[in-house]
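1. Quick one, structure for this:
(chains A and B)
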Amino acid sequence: MQQTVSLTVNGKPVSATVEGRTLLVQLLRETLGLTGTHVGCDTSQCGACVVHVDGEAVKSCTLLAVQAEGRAVRTIEDVADGDTLHPMQEAFRDNHALQCGFCTPGMIMSALDLVKNNPDPTDREIREYLEGNLCRCTGYHNIVLAIKAGAAAMKGAKVAAE
Amino acid sequence: MAEIGTPVRRREDYRFLTGQGTYTDDINRPRQLYAYILRSPHANARIAGIDTSPAAKAAGVVAIYTGKDLEADGIGGLPCGWQIHSKDGSPMQEPPHPVLASGQVRHVGDPVAVVIADSLAQARDAAELVEVDYTVAPAVTDVADALKPGAPLVFPEVPGNICYDWHIGDPAVVDAALAKAARVVKLDLVNNRLVPNAMEPRSAIGDFDRATGEHTLYTTSQNPHVIRLLMGAFVLHIPEAKLRVVAPDVGGGFGSKIYHYAEEAIVTWAAAKLRRPVKWTADRVESFMSDAHGRDHVTHVELGLDKDGKFVALKVATLANMGAYLSTFATCVPTYLYATLLAGTYTTPVVYCEVKAVFTNTVPVDAYRGAGRPEATFLVERIVDCAADELGIDPAELRRKNFIPTDAYPYQTPVALQYDSGDYFSTLDLATKAADYAGFEARRREAAGRGKLRGIGIATYIEACGIAPSAVVGSLGARAGLFEAAAVRVHPTGSVTILTGSHSHGQGHETTFAQLVADGLGIPMDSIEIVHGDTAKIPYGMGTYGSRSLAVGGTAIIKAMDKIVAKGKKIAAHLLEAAEADIEFKDGQFSVAGTDRSKSFGEIALTAYVPHNFPHEELEPGLDETAFYDPKNFTFPSGAYVAEVEIDPDTGTLEICSFNASDDFGRIINPMIVAGQVHGGLAQGIGQALLEACVYDKATGQLLTASYNDYAMPRADNLPSFALSTHATLCTHNPLGVKGCGEAGAIGAPAAISNAIVDALKGLGVRHVEMPATPEKLWRAIHQHQTPLAAE
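-> Model prediction:
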């Protein structure tokens, strides 16, 4: 059955006609063309599809598109400020925390969620938080370094702004 | 200016960090249809009939095809790229590998039919209406079971399920040496079956241009030209000139995206038939049951030592699982990529290895990160530790006693390979010092005081990379050359496009190769563009695997740059009215030696394309050169890894306390990227040692580990941070002196971890623990051995 869903994606209101079974990630990728959000599994294990829904990290393969009705979704495409990378993205580049890049959008979205709730995470806290994000390339070593550096940079930016 | 040896930040990162990467599934073509592949739920069954008529009437369905439709169009089977001969000289058994099953399915996941519809959901819904009349037969999934008399036959025409029975070395010589040995140490071990699990599932889009008759395939491949050759020549019979293969951003490969897969042929063929683009993307369960798996060896090994602890002979017998069909390079993995590495880092004078390759009702097995070399390293380094334990010699000391001396290169091994350079003493020293190997016993005692079992394990490794000299592999049965091609296209204003046949799916070629070119031509990185992954743009290519991109692909770029510089010198000599022999090229300037007269690289480029003042009698205009480079030998990266673990005897849980890796990769172009490659390899090696196992149900042949809920992928909280070091001896036969680094971690880590585990448990009498050493397996090993000890 076709239904209409209206939501905000990356700050812009959007409406789409979807099937009841359409997943949020399918709406993002296929209807809206936001292909930065990836699908790496079908059991909500890999985290390649993590986006923010009303500010919380959510695996967009576990939410029906219609469940996003009226909510605000933010994807990887909205993280940089124009051409300027977000400090967390910059930290991933500086620390070589990505190789093939497929898990990277989900990693960044999860990292931002972690730092929002824990601005100064330890290595162990980062590793435990990343339990829901699989990376097959990096062995996580540099991702842990990047999230630490990104968190520090975000803290620095916040202090500077205040 | 970017120099060789500098940790330049990656140029490819921006697009990946901002969600702008273009992976195959991100591509959509106008009027695109979607394919869903109906796969066998049975491991071994005859197909009496397929009724597609109810499904054909379902909403949105455009076409349904089965093996019969492909046969009617004369579509061939998937080819195997390497022919092995058995001991008796007979060629391997090479049964057909149909694109869609033809009357018989041989593993769970074997493709049976393809449903093509306007949407993926419609194709998937309709597939449920396809009625396949299966007659299920008993299946066999395990190599030892498959060799038993009366075992189910995967192919009736292949007696005993044996693909080949191959060997290397002289068994009489090795048996004689073992008979004279002061001690013979024996071990049976399993190299566990793994699933590569690149995070991006495989995907393919077929497209066909009616006006030009050109077919285009977008695919998740590590080697688009190889796919064009295999699919065009052997399967679909399309000449290269009419077939374009594009491998855009690819989300990891680890070997699994080398091979030509059925789905690539299906979408290319169907797109031409339907005159519309056809897209297929695997879901993860489908990946588990259709991507080629890795490893799956059962091995018996015997090592003979003299009274001084010198190795005198090594004898190995291996059963290697091929799965239900021969994947593209399956047959060379347990032979020439495996047995030729059994000398390892040691002077073992005689080696014999026999390998039976066995068909089973499982997904085809092929190269996975390391491919044969992890299996060789695991058994060599495990048996060396067993020997050290039996002889009461420190494992590091026993290794040093048997290492190939640093002044012995080139070193001819008894298993065909000739190592050109190496220094195993230095990497072992670096790793053991970093690990405080000498101080370990104090840490073991301290842990014992807390009720924990602590162990330390060493593994050294050697690998053959830079694959491969074409004449050598050709004489061993390879049906392809393994050179690489590159073009250096200098544009009129001095910017440069590099067209490389290597393919990057995470390795960072766009950065490393640009560093090479910036260094070689003396121009800024920003003036250099690296292009890969499209047969319409790149002259030719053999792709990326076997840690070959820099050693072979990088050398092809160097050779093409040499031609550019040579032509540039001629142009400069003309402009500067000097003799060509007097022109020097350095830091982007062509100069007359000993004078201040020079022309910049940009001026020479402009002259080549605006040739008003140009030596037309001698030279053609333009500055665009192609080179093909065929390596003279393999390269031989090596190293030493030291792992320290602590096991809780009450729960069997294991913590990696430290992991120190020291590698010799020859010259390093970008140390940041190299470290990342090592980290990733280590994670996969540790995954094999502790977590990952592909499990089939023996009774039914069902794949039990077909999702991330069931197959234990290494997660961030399973792994430690790694401590790395390098010690370089240069490769002697390529101009850069590079050896390759992509597979090292996966090769050395399993033995280092396993040796540490056995070291932790040896006080209980444990001699070996099979991988993956899960908490359950460790708990059982501890408690099985504790009971008799407690009773004593």
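2. from the chain's centre, how far out does the helix or strand hosting B:Val114 sit?
-> Using DSSP states H and E, B:Val114 sits within strand B:111-117. With C-alpha atoms, centre = their mean, to the nearest Å as the basis, strand B:111-117 stands 30 Å off its chain's centre.
3. And for it, what's in contact with it?
-> Outside strand B:111-117, the residues that touch it by C-beta atoms under 8 Å, 6 or more residues apart in numbering or on different chains are B:33-40, B:47, B:50, B:52, B:55, B:58, B:60-67, B:99-101, B:105, B:123-124, B:126-127, B:130, B:132, B:262-263, B:266, B:270, B:274, B:278, B:280, B:290. No exception for glycine: its C-beta is placed from N, CA and C like everyone else's.
4. State the three-state secondary structure for the residue nearest to B:Glu354 when sequence neighbours are not counted.
-> Excluding the flanking residues, the one nearest B:Glu354 by C-beta to C-beta, 6 or more residues apart in numbering or on different chains is B:His167, at 4.1 Å. With DSSP: H, G, I helix; E, B strand; the rest coil as the basis, B:His167 sits in strand.
5. ok, and B:Asp188, which helix or strand is that part of?
-> B:Asp188 belongs to strand B:183-191 when assigned by DSSP H and E.
6. Report the strands that pair with that strand, each with its relative direction.
-> Its sheet considered, strand B:183-191 pairs with strand B:297-305 (antiparallel) by DSSP bridges.
7. What residues of the strand it pairs with count as buried?
-> The neighbour-count check on strand B:297-305 (16 or more other C-beta atoms under 10 Å in any protein chain shown) flags B:297-299, B:301-305 as buried.
8. which other helices and strands contact the very next helix or strand once past it?
-> Using DSSP H and E, the helix or strand that follows strand B:297-305 in sequence is strand B:311-323. Secondary-structure packing of strand B:311-323 (3 or more C-beta pairs under 8 Å, 6 or more residues apart in numbering or on different chains; DSSP states H and E): helix B:143-146, helix B:171-180, strand B:297-305, strand B:351-359, helix B:373-391.
9. how does it look with 6 Å?
-> helix B:171-180, strand B:297-305, strand B:351-359 (3 or more C-beta pairs under 6 Å, 6 or more residues apart in numbering or on different chains; DSSP states H and E).
10. Same list (the ones you listed) but as a markdown table, adding mean pLDDT.
-> Output for the helices and strands packed on strand B:311-323, formatted as a markdown table (pLDDT from 0 to 100):
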| stretch | mean pLDDT |
| --- | --- |
| helix B:171-180 | 98 |
| strand B:297-305 | 98 |
| strand B:351-359 | 98 |
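11. Relative to B:Pro720, which of the ones you listed is closest?
-> With C-beta to C-beta, the closest approach to B:Pro720 among the helices and strands packed on strand B:311-323 belongs to strand B:297-305: 27.1 Å.
12. ranges for the strands of chain A?
-> A:2-9, A:12-19, A:50-53, A:56-59, A:72-74 (DSSP state E).
13. Which other helices and strands does the third one contact?
-> Helices and strands in packing contact with strand A:50-53 are listed as strand A:72-74, helix A:104-117; criterion 3+ C-beta pairs under 6 Å, 6+ apart.
14. If you count neighbours, what's buried in that strand?
-> Buried residues in strand A:50-53 (16+ other C-beta under 10 Å): A:50-53.
15. ok, now the shortest one?
-> Under the neighbour-count criterion of 16+ other C-beta under 10 Å, strand A:72-74 has A:73-74 buried.
16. got it, and the second one?
-> Applying a neighbour-count criterion of 16+ other C-beta under 10 Å, one finds A:14, A:16, A:18 buried in strand A:12-19.
17. Return the list of strands paired to it, each annotated with direction.
-> strand A:2-9 (antiparallel).
18. How far away from the center of its chain is the strand it pairs with?
-> Mean-position distance between strand A:2-9 and its chain equals 20 Å (C-alpha atoms, centre = their mean).
19. what about dumping the CA coordinates of it to CSV?
-> Output in CSV follows, covering the C-alpha atoms of strand A:2-9 (Å, rounded to 0.1, in the frame of the first residue of the first chain):
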residue,chain,number,x,y,z
GLN,A,2,1.3,3.4,-0.9
GLN,A,3,1.5,6.1,1.7
THR,A,4,2.7,9.6,1.8
VAL,A,5,5.4,10.6,4.3
SER,A,6,6.5,14.1,5.1
LEU,A,7,9.7,14.8,7.0
THR,A,8,12.7,17.1,7.2
VAL,A,9,15.9,15.8,5.7
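20. CA atoms only for stretch B:419-427, dumped as CSV, please.
-> Once non-C-alpha atoms are left out, stretch B:419-427 reads as follows in CSV (Å, rounded to 0.1, in the frame of the first residue of the first chain):
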residue,chain,number,x,y,z
TYR,B,419,64.1,-14.8,-2.1
ASP,B,420,65.9,-11.6,-3.3
SER,B,421,66.3,-9.9,0.0
GLY,B,422,65.4,-10.0,3.7
ASP,B,423,66.5,-9.6,7.3
TYR,B,424,64.4,-11.7,9.6
PHE,B,425,66.7,-11.1,12.6
SER,B,426,66.1,-7.4,12.7
THR,B,427,62.3,-7.5,12.5
